[in-house]
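Chemist: Pasted the sequence and its predicted model underneath.
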Number of protein chains: 2
Amino acid sequence: MIFNETKTHEITVDVVIVTMKNDALQVLLVKRTNEPFKDKWAIPGGYVRLSENLDQAALRILKERTNVDNIYLEQLYTFGDPLRHPNSRVITCAYFALVRAEDINIVTTPELGWHKISALPPLAFDHKEIIEYSMKRTRERLELCPVAYQLLNEKFTLTEMQRAYELIMRKKLDKRNFRKKALCTNGLIELDEYTKSSSKRPARLYTFENIELNSKRAHFISKKKEKKC
Amino acid sequence: MIFNETKTHEITVDVVIVTMKNDALQVLLVKRTNEPFKDKWAIPGGYVRLSENLDQAALRILKERTNVDNIYLEQLYTFGDPLRHPNSRVITCAYFALVRAEDINIVTTPELGWHKISALPPLAFDHKEIIEYSMKRTRERLELCPVAYQLLNEKFTLTEMQRAYELIMRKKLDKRNFRKKALCTNGLIELDEYTKSSSKRPARLYTFENIELNSKRAHFISKKKEKKC
DNA sequence: ATAAAGTATGTATTTTAAACATAATTGCTA
DNA sequence: TAGCAATTATGTTTAAAATACATACTTTAT
């Protein structure tokens, strides 16, 4: 490939959209209908419009695909290898989004659907690397703030919360220690509601205080301040 | 400003180059000679060439300005507000670099020089925000790995190392606790050399094992593994 | 010799993390 | 209606890590 140094770059935004479904972390992928990488899966993306900033482009793409717009969204990294796109110079600014399964109402088709992160199909471009990096970042975030709740339904049990942590951190956690710490998490609210039925003891439901998402880099990230508990 | 949606973006790389000099963190700035922001200071940057990736562009800019090339360099964030450049749409991928004062041999002129981060002159574009974010990122890194040594001379005293930590973290540290932990830092090597003279007790010198810089996102970042000590 | 300046060092206390086992509540079924 | 299966709920002990804190040592200059 010979580069023409006067040609301009194209810039896209790609969004890794992650949710928790069927007891697994899943990512939303679209099947490419054109070359290059025809019939391979790709993360949703699009060109940045001249009138919008990068966050807005990512939100637009997310909204177009999932119709959700109040989610955890964070710029991940910008990938600019000259060879990442086989026939033009496309720099992509990757974002990742954590969304609640219950908030999304997409019709999955053979061209759009959720894929377990632990078993990804062949992906276009450098999208495998982008997804892997988004999981790394999610782990790092989770050590600083309880982003995992962005994957949980509005009301959730501590067992579900623990499961989200385990999937993200890729290790089993001790139930008693987890609950002890979880209960001290700032923003966690204990409800007077319980799951019902299914031949077992009902579990108490919890929710999180609404935290404003203002789409400025690392949202609401702060050292977990503990309640005095 | 009316946007023509068909116009292409321009993409630049800007590098926040930080060093420790005169007991302060300082950043390298160039004075703009043209509009916009004529006579304001800016962080060094340039267009990304079609044949190079973003890391290479950042390394090239760094090398052009400082003639150093084995340094800590990390992609910071991509800034893409449509109004960040007053008369065209320029998206910039910002990097930050930590360099040793002793490695740099630049001639400072009225148009190129070091500025204390604690007292920045008026800056062009959104460069103030970029510098502030680079300091935030440096603090986050320092909690994970001893990047501070990238600012120190090859041989340094523990007092100098502590000072670098204090400047980055913006707080005073306890000398005994600092030294206790510093001595357990993986990669730190105790030398049989001492500073000499200056009317006080000589201080032992230390150095760091060479860690390979491979310029792939978060370089050599890992939880500080402790020596058994 | 001694004063000044900076280097060097250890212990006790508090906080946080880790390990670990049993009782309680529900629906189902015999 | 007794008891089984499945899952929720809970507390204590131990180990590790972080914090607070004061004095003696080594050198040069006077």
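Modeler: Yep, it's here. Numbers count the residues shown, from 1 in each chain, chains lettered A, B, ... in the order given.
Chemist: Any idea how many residues pack against residue A:142?
Modeler: By other CB atoms under 10 Å in any protein chain shown, 15 other residues sit near residue A:142. The way it works is simple: take the backbone N, C-alpha and C, and place the C-beta from them, glycine included.
Chemist: does any part of the lengthiest helix in chain A sit near DNA strand D?
Modeler: Looking across chain A with DSSP state H, the single longest helix is helix A:127-144. No - counting by CB under 7 Å from any atom of the strand, DNA strand D is not contacted by helix A:127-144; separation bottoms out at 13.2 Å.
Chemist: elements contacting whichever helix or strand comes after that helix?
Modeler: Later in the chain than helix A:127-144, the nearest helix or strand by DSSP states H and E is helix A:158-169. On a contact count with 3 or more CB pairs under 8 Å, 6 or more residues apart in numbering or on different chains; DSSP states H and E, helix A:158-169 meets strand A:10-21, strand A:24-31, helix A:127-144, helix A:175-183, strand A:204-208.
Chemist: Tell me how far helix A:158-169 lies from the chain's centre.
Modeler: What separates the centre of helix A:158-169 from the centre of its chain is 15 Å, taken as CA atoms, centre = their mean, to the nearest Å.
Chemist: got the angle between it and helix A:127-144?
Modeler: Put simply, helix A:158-169 runs at 130 degrees to helix A:127-144, going by axes from the mean of the first three to the mean of the last three CA atoms, to 10 degrees.
Chemist: residues from chain A in reach of DNA strand C?
Modeler: So chain A meets DNA strand C at A:174-177, A:181, A:196-202, A:226 (CB under 7 Å from any atom of the strand).
Chemist: Can you check those and name whichever has the most neighbours?
Modeler: The most crowded member of these, judged by other CB under 10 Å, is residue A:181 (15 neighbours).
Chemist: do you know how far the residue of chain A found nearest DNA strand C is from residue A:125?
Modeler: Closest to DNA strand C within chain A is residue A:201: 2.7 Å, counting by CB to the nearest atom of the strand. Per CB to CB, to the nearest Å, residue A:201 is found 48 Å from residue A:125.
Chemist: any idea which helix or strand carries the residue of chain A closest to DNA strand C?
Modeler: Judged by DSSP H and E, residue A:201 forms part of no helix or strand.
Chemist: What does the pLDDT read for it?
Modeler: We have a pLDDT of 93 for residue A:201.
Chemist: do residue A:5 as well
Modeler: Residue A:5 carries a pLDDT score of 52 in this model.
Chemist: likewise residue A:36?
Modeler: The confidence metric pLDDT takes the value 94 at residue A:36.
Chemist: Kindly report the same for residue A:131.
Modeler: pLDDT, read off for residue A:131, is 98.
Chemist: Residue A:102 now?
Modeler: 89.
Chemist: In contact with it: list those residues for me.
Modeler: Applying CB atoms under 8 Å, 6 or more residues apart in numbering or on different chains to residue A:102 gives the contacts A:153, A:154.
Chemist: still on that earlier bit, what's the most buried one of the helices and strands packed on helix A:158-169?
Modeler: strand A:10-21 (a mean of 23; mean count of other CB atoms under 10 Å in any protein chain shown).
Chemist: Mind giving me the packing neighbours of it?
Modeler: With contacts taken as 3+ CB pairs under 8 Å, 6+ apart, strand A:10-21 sits against strand A:24-31, strand A:45-47, helix A:54-66, strand A:90-98, helix A:127-144, helix A:158-169.
Chemist: Tell me which of these lies nearest to residue B:186.
Modeler: Among the helices and strands packed on strand A:10-21, the nearest to residue B:186 by CB to CB is helix A:127-144 (19.6 Å).
Chemist: pLDDT at the closest residue to residue A:137 other than its chain neighbours, what is it?
Modeler: Ranked by CB to CB, 6 or more residues apart in numbering or on different chains and with sequence neighbours excluded, the top spatial neighbour of residue A:137 is residue A:76, at 5.9 Å. Residue A:76 is assigned 96 on the pLDDT scale.
Chemist: quick one, what contacts residue A:76?
Modeler: A:16, A:94, A:95, A:96, A:130, A:133, A:134, A:137.
Chemist: OK, contacts around the first one?
Modeler: Shown here is residue A:16, whose contacts under the criterion CB under 8 Å, 6+ apart are A:27, A:43, A:76, A:94, A:95, A:96, A:97, A:130, A:131, A:134.
Chemist: didn't residue A:33 look like it was pressed against residue A:111?
Modeler: Yes - between residue A:33 and residue A:111 there is a contact at 7.1 Å, judged by CB atoms under 8 Å.
Chemist: show me where pLDDT drops low in chain A?
Modeler: Within chain A, the set of residues satisfying pLDDT under 70 comprises A:1-7, A:211-229.
Chemist: Near DNA strand D, which residues of it are found?
Modeler: Applying CB under 7 Å from any atom of the strand, we find that chain A lies next to DNA strand D at A:157-159, A:175-177, A:179-180, A:194, A:199-204.
Chemist: So which of those residues is the closest to residue B:143?
Modeler: Out of the residues of chain A next to DNA strand D, the member with the shortest distance to residue B:143 (by CB to CB) is residue A:177, at 22.6 Å.
Chemist: the domain parsing of chain A - what is it?
Modeler: As recorded under automatic domain parsing, the domains making up chain A are A:10-141, A:144-208.
Chemist: what's the closest of those domains to residue B:87?
Modeler: Nearest to residue B:87, of those and by CB to CB, is domain A:10-141 at 12.8 Å.
Chemist: Determine how far the closest one lies from the middle of the whole chain.
Modeler: Its chain's C-alpha centre and that of domain A:10-141 lie 9 Å apart, by CA atoms, centre = their mean.
Chemist: Please apply the same query to stretch A:145-159.
Modeler: Counting by CA atoms, centre = their mean, stretch A:145-159 is centred 13 Å from the centre of its parent chain.
Chemist: Give me the buried positions along it.
Modeler: By 16 or more other CB atoms under 10 Å in any protein chain shown, the buried positions in stretch A:145-159 come out as A:145, A:146, A:147, A:148, A:149, A:150, A:151, A:152, A:156, A:157, A:158.
Chemist: Excluding its own residues, what touches that stretch? List them.
Modeler: With contact meaning CB under 8 Å, 6+ apart, stretch A:145-159 is reached by A:18-20, A:25, A:71-72, A:98-102, A:138, A:141-142, A:160-161, A:164-165, A:168, A:178-179, A:182-183, A:185, A:187-188, A:191, A:193, A:195, A:203-208, A:220-224.
Chemist: same check, this time on stretch A:166-177
Modeler: Stretch A:166-177 has contacts (CB under 8 Å, 6+ apart) with A:20, A:23, A:24, A:25, A:135, A:138, A:139, A:142, A:148, A:162, A:165.
Chemist: hmm, 7 Å instead?
Modeler: For stretch A:166-177, contacts defined as CB atoms under 7 Å, 6 or more residues apart in numbering or on different chains pick out A:20, A:24, A:25, A:138, A:139, A:142, A:148, A:162, A:165.
Chemist: In this structure the second one contacts residue A:115, no?
Modeler: To tie it back to what came earlier, the one meant is residue A:24. No - Residue A:24 is not in contact with residue A:115 according to CB atoms under 7 Å; the separation is 9.7 Å.
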